[in-house]
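Colleague: coordinates only, sequence not included:
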């Protein structure tokens, strides 16, 4: 692979953006609001309200890998600490031994063909668990779910690699709303969609970098190693999504974590060799950049941790970016963070002249892992 250099002027060259993004990843990210509304409608049409007939489960187990598992993290973030039901995400191919007939398993796989997720759904059916699945029509996951008399929510087919996670996450949120675990879900979905529309307008390709928050974020991240921290469960889920989007869209390394835990481990990297920038080196050089995702619903202890991390980074000359959540409902605030970070990751790829839809290594791994 040739040496790739980030060229800031590319971000304001609309022709370049179109040429380098033949799969339309920017358009896909801009359609996030539509994806939220479509997913809400698909969940309702699939009859997720039937879950309420079985009563509240002892626990909700979200089974998946990659974006499917992330949907579980985002669900837990929306539900928050006060939810009276345990919510666990399982990323392994084995269903924990404690999961039984009193629990609800949500199996999430966009393709519906990931072996790990299909196997977990089948095991959930054998154990008599409640089963809700999200995936592609005609897939092995749909077959397993229907044989277990579960509820299947279909996701739309994509021409290229999907760039958002809303089609996987929103059905889970709608389901927990039907169970009475999250209040005001229909209104929250619409509020989140409106926020995503606002983000898409501000981050549109024709908007120049100095007023475009998605392009500005890409400019800040270029030639750095981002260390992305959330300071609350909601922002931690967004941080994980941001790191994953940087990996897939821009093939870019990133570290994510959650305060206060990150302050006891990852913060040590601020004293390491990557954090030291050589002022005599030609070009921009490479250094860490601390990215803090901030929520309005934070306790005083969390605020002190975030402020301490900011001070320590600034004292060591490590640049800091802060991204604030906006909105009332947790789903709405999550939408603001994820929407902006998705645009930032795509613009970073385009600034390096890379097609954000090209995921050769992931495809090779998936092919090799299923042989």
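Modeller: Cool, got the structure. These numbers were taken from a predicted model, which means no experiment stands behind them.
Colleague: show me what the strand or helix carrying residue 305 is in contact with.
Modeller: Assigned by DSSP states H and E, residue 305 belongs to helix 300-315. For helix 300-315, contacts defined as Cβ atoms under 8 Å, 6 or more residues apart in numbering pick out 229, 231-232, 259-260, 262-263, 267, 270, 290, 292, 294, 298, 319-320, 322. Quick note: C-beta positions are derived from backbone N, CA and C, even for glycine.
Colleague: likewise stretch 259-268?
Modeller: 227, 229-231, 255, 257, 301-302, 305-306, 308-309, 312.
Colleague: between those, which is closest to residue 43?
Modeller: residue 230 (26.2 Å; Cβ to Cβ).
Colleague: name the nearest residue to the closest one, sequence neighbours excluded.
Modeller: Spatial nearest neighbour of residue 230, excluding adjacent residues (Cβ to Cβ, 6 or more residues apart in numbering): residue 236 at 3.4 Å.
Colleague: ok, residue 89 - contacts?
Modeller: Residue 89 touches 61, 62, 63, 64, 69, 72, 73, 76, counting by Cβ under 8 Å, 6+ apart.
Colleague: same deal with residue 338?
Modeller: 74, 165, 238, 241, 242.
Colleague: mind listing which of those residues are in helices?
Modeller: 74, 238, 241, 242 (DSSP state H).
Colleague: right, and the first one touches residue 169 too?
Modeller: If I follow you right, that is residue 74. Yes: the pair residue 74 / residue 169 is scored as a contact, 4.7 Å apart, by Cβ atoms under 8 Å.
Colleague: looking at the two, which one has more neighbours?
Modeller: Neighbour count, other Cβ atoms under 10 Å: between residue 74 and residue 169, residue 169 has more, with 33 against 30.
Colleague: packing partners for the host helix or strand of that one?
Modeller: For residue 169, the host element (DSSP H and E) is helix 166-178. Judged by 3 or more Cβ pairs under 8 Å, 6 or more residues apart in numbering; DSSP states H and E, helix 166-178 is in contact with helix 32-46, helix 67-79, strand 104-108, strand 130-135, helix 185-202.
Colleague: now the angle from that helix to strand 130-135?
Modeller: The directions of helix 166-178 and strand 130-135 differ by 160 degrees, with axes from the mean of the first three to the mean of the last three Cα atoms, to 10 degrees as the criterion.
Colleague: so for helix 166-178, mean pLDDT?
Modeller: Averaging pLDDT along helix 166-178 yields 97.
Colleague: and for stretch 339-346?
Modeller: 98.
Colleague: so which residues of this structure form strands?
Modeller: 59-63, 86-90, 104-108, 130-135, 151-154, 224-230, 255-258, 287-294, 320-324 (DSSP state E).
Colleague: from the chain's centroid, how far away is the third one?
Modeller: The one in question is strand 104-108. 18 Å (Cα atoms, centre = their mean, to the nearest Å).
Colleague: for that strand, give me every contacting residue.
Modeller: In contact with strand 104-108 (Cβ under 8 Å, 6+ apart) are residues 51, 57, 59-64, 67-69, 71-72, 75, 95, 99, 117-118, 120-121, 124, 129-135, 141, 144-145, 168, 172, 175.
Colleague: and residue 25, how far from residue 297?
Modeller: 31 Å (Cβ to Cβ, to the nearest Å).
Colleague: more neighbours, these two?
Modeller: residue 25 (26 against 15).
Colleague: what's the nearest residue to the more buried one if we skip its chain neighbours?
Modeller: Closest to residue 25 by Cβ to Cβ, 6+ apart is residue 356, at 4.3 Å.
Colleague: pLDDT score assigned to the spatially most central residue of the chain?
Modeller: For the chain, the residue nearest the mean C-alpha position is residue 241 (3.0 Å; Cα atoms, centre = their mean). Looking at residue 241, its pLDDT reads 97.
Colleague: residues touching it, list them.
Modeller: The contact partners of residue 241, by Cβ under 8 Å, 6+ apart, come to 70, 74, 165, 338, 341, 342.
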